[in-house]
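Asker: Provided below are the primary sequence and the corresponding predicted coordinates.
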Number of protein chains: 2
Amino acid sequence: MYVTLSTDDQTGGAAPSISRPCVCARETQIRAGNYLFYEGDEVSWLYQVTAGVLRQTRLLENGRRQVIAFGYPGDVVGFPANGCHHTDCDALVDTRLQPYRKSLLEHPEKDVELHGELLQAALGEISAMQDHFMMLGRKSASERVASFLTVLAGRVGRCHDGVCKVDLPMRRADIADFLGLTTETVSRTLTQMRKSGIIKIENIHSIVVLKPAALTSLSQGGKG
Amino acid sequence: MYVTLSTDDQTGGAAPSISRPCVCARETQIRAGNYLFYEGDEVSWLYQVTAGVLRQTRLLENGRRQVIAFGYPGDVVGFPANGCHHTDCDALVDTRLQPYRKSLLEHPEKDVELHGELLQAALGEISAMQDHFMMLGRKSASERVASFLTVLAGRVGRCHDGVCKVDLPMRRADIADFLGLTTETVSRTLTQMRKSGIIKIENIHSIVVLKPAALTSLSQGGKG
DNA sequence: GCGCAGCATTGACGAATATCAACGCGCGCC
DNA sequence: GGCGCGCGTTGATATTCGTCAATGCTGCGC
C-alpha cells in the first residue's frame, strides 16, 4: 500500500483479488513478526495478501530506514529485480498469502490470464509509487499523516454513522519511516489532530476518524 | 531515471536496449519542449528513449510539482495504469524514441521476447523507484544533490583523467522538483560543492565532477 | 503486585531548509 | 547596442521538523 491520494479517487480502492487462487500453490500463512523474505534473496514466488498486513523495508548503510510499503489485502509483494528481492518483508500481524510462482511472470504462456493480472498489479504499483513520490517530496508532515490515515480509512476502515475506525497494526516508527518523518513528529501530528477533534485515539493501535472531510482537506493542504 | 545509488552498484547502469527495434513502429523523434503525452491520456504506446532526455512530471492541485523521473537513453516511459498515463511527459532536448504498442504488454503471444523485455523494464522501474523513496524520505539536501550528480555521471558522464563531465539539460527547478527541494537549495548546494572543489560549474547546463570519490562519499552521508 | 522493557508522548531547543527579496547574468529581440 | 525576460544565485529571515531528554503508559514475567 502506498499513499496514493488524488482528487478523483479518494477511496483508495483495494486491488481486486486475482482470480484463480489455486494455480500455483495453496494459500499459506505467516505469523506476526516473521519474515517472508529478505533483501537479496532470490525470488521464487510472488505473494498476494489475502488477509493481514505486511511491511516492506529497506535499510541504508548508516541505519536509516525506509518503509517502502505496507502490504494490505489485495496487494502483491515480491516483484523481482534481477531475480532478487530488494526489500525485507515481514508480517505485522498474522497474515494469509496466495503465492504465485515467479515463472508465471517470465513465461506468460503457462497461464496467460494470471500472468496478465500479475502484470497489471505491477503496473498499478508503478502508478501508486509515483503518487507516493509526490507525498515524500512535496507534502508537509500533517499532510502526510492525514493522507496516510485517509487512504487507510478508505481501504480498511470500518465506517458507520459518518465516522471511520482504523486499526494501525504498525508502530509509530513504521509510520514515520513510511512517510519520511520521525516518530516524534508523527506522534505530535496525531495529538494535534486529536486536539482539533478530527480523530480520536482509542488506543495506540486504533484510531477513529471523527471528521473524514476535515482529514481529507488536511491531506490536501487545507487547514483541516 | 531515478536516483538509485547503492553501495555495490555505483555505476547506475543504463538498461540494455531492447533488442528488436522494428517490431512495432519506426524510431520517432520529438523536439525539445514538446509533449509526448499528458496525464490522463489513454496509453497506446510505450516508448524507449534512444537519444535525448525526457521529463515526467505530476502536478498537485495547489501548483506543487513533482518531477517523477527523467527519461534517459535505455529508459522506458509510458507504463499505463488503468489504461491511462499518470504523468505529463515532455522532452528537455530533441529526443529519439522507439515506440512499442501497449498491446504488447497485454498480449504476450504477439511477441513473447519483446513482451518479456518490457516486463523486465517495468520490474526494474519498481526497484529503482523503491531506492528513490529512500532518497526522498531519508536523505539530506547535499546527499540528494550528490546522489543525483553521481548517478548522472555514471549514466551519461563523459569521463577521462579522473574527472567526469555531465550535462544538465534540465533547469534547477526540475532538479529541485525531482529531489524534493527548492531551486534555491539546489543552487546553494551546488555552489558549496564548487567552493569545496568537488565540482566545477562550467555553465548552467554543464558541470564537471572533479572529485568523483568525494561526491560519492557525500551522497552516502559522508562529509565529502 | 512489582518492576522492567518497549513504545509513545511531550517539551525545549537547534539545525536544516523553505520563503521572501534583491540582484546578476545571458540571450534573444527590437 | 540596449532592453527586457527568464533563470540562477545570493542573502536575510522564518518555519518546520529533527534531536535530545524526560516522562508516561502498557503489558508481561517473576
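Answerer: Looks like it arrived, so ask away.

Asker: what's the spacing between residue A:122 and residue B:122?
Answerer: Separation of residue A:122 from residue B:122 (Cβ to Cβ, to the nearest Å): 5 Å. C-betas here are computed from N, CA, C, even on glycine.

Asker: Let's see the pLDDT reported for residue A:129.
Answerer: With respect to pLDDT, residue A:129 scores 97.

Asker: Tell me where chain A has helices.
Answerer: A:103-106, A:112-138, A:141-156, A:172-179, A:183-195, A:212-219 (DSSP state H).

Asker: In a markdown table: the ones you listed, plus mean neighbour count and distance to residue B:2.
Answerer: Shown next, in a markdown table, are these (neighbours: other Cβ atoms under 10 Å in any protein chain shown; distance: least, Cβ to Cβ, whole Å):
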| stretch | mean neighbour count | distance to residue B:2 |
| --- | --- | --- |
| helix A:103-106 | 18 | 21 |
| helix A:112-138 | 21 | 9 |
| helix A:141-156 | 23 | 20 |
| helix A:172-179 | 22 | 18 |
| helix A:183-195 | 17 | 26 |
| helix A:212-219 | 20 | 25 |
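
Asker: Let me see the contact set for residue A:156.
Answerer: A:72-73, A:166-167 (Cβ atoms under 8 Å, 6 or more residues apart in numbering or on different chains).

Asker: Among those residues, name the ones in strands.
Answerer: A:166-167 (DSSP state E).

Asker: Would you point out the most distant pair within the contacts of residue A:156?
Answerer: A:73 and A:166 (14.4 Å; Cβ to Cβ).

Asker: Looking at those two, which is more packed in?
Answerer: Just comparing residue A:73 and residue A:166: by other Cβ atoms under 10 Å in any protein chain shown the higher neighbour count belongs to residue A:166, 23 against 18.

Asker: if I look at the residue nearest to residue A:133 when sequence neighbours are not counted, how far off is residue A:148?
Answerer: Nearest non-adjacent residue to residue A:133, counting by Cβ to Cβ, 6 or more residues apart in numbering or on different chains: residue B:66, 5.4 Å away. Applying Cβ to Cβ, the value for residue B:66 to residue A:148 is 17 Å.

Asker: Over to residue A:90?
Answerer: 20 Å.

Asker: Residue A:29 too?
Answerer: 27 Å.

Asker: do residue A:208 as well
Answerer: 15 Å.

Asker: and what of residue A:172?
Answerer: 12 Å.

Asker: same check, this time on residue A:193
Answerer: 11 Å.

Asker: gap between stretch A:165-182 and the chain center?
Answerer: 10 Å (Cα atoms, centre = their mean, to the nearest Å).

Asker: Residues in contact with it: which ones?
Answerer: Contacts of stretch A:165-182 (Cβ under 8 Å, 6+ apart): A:3, A:53, A:55, A:57, A:65-67, A:69-70, A:92-93, A:135-136, A:141, A:144-145, A:148-149, A:152-153, A:156-159, A:183, A:185-187, A:189, A:202, A:204-209, B:136-138.

Asker: so where's chain A uncertain?
Answerer: Counting by pLDDT under 70, the ranges of chain A that qualify are A:4-24, A:223-224.

Asker: let's see it at 50
Answerer: A:7-16, A:21-22 (pLDDT under 50).

Asker: Residue ranges of each domain in it, please.
Answerer: A:28-135, A:139-219 (automatic domain parsing).

Asker: Is the longest one in proximity to DNA strand C?
Answerer: No - if you take Cβ under 7 Å from any atom of the strand as the test, domain A:28-135 misses DNA strand C, and the best it gets is 10.0 Å.
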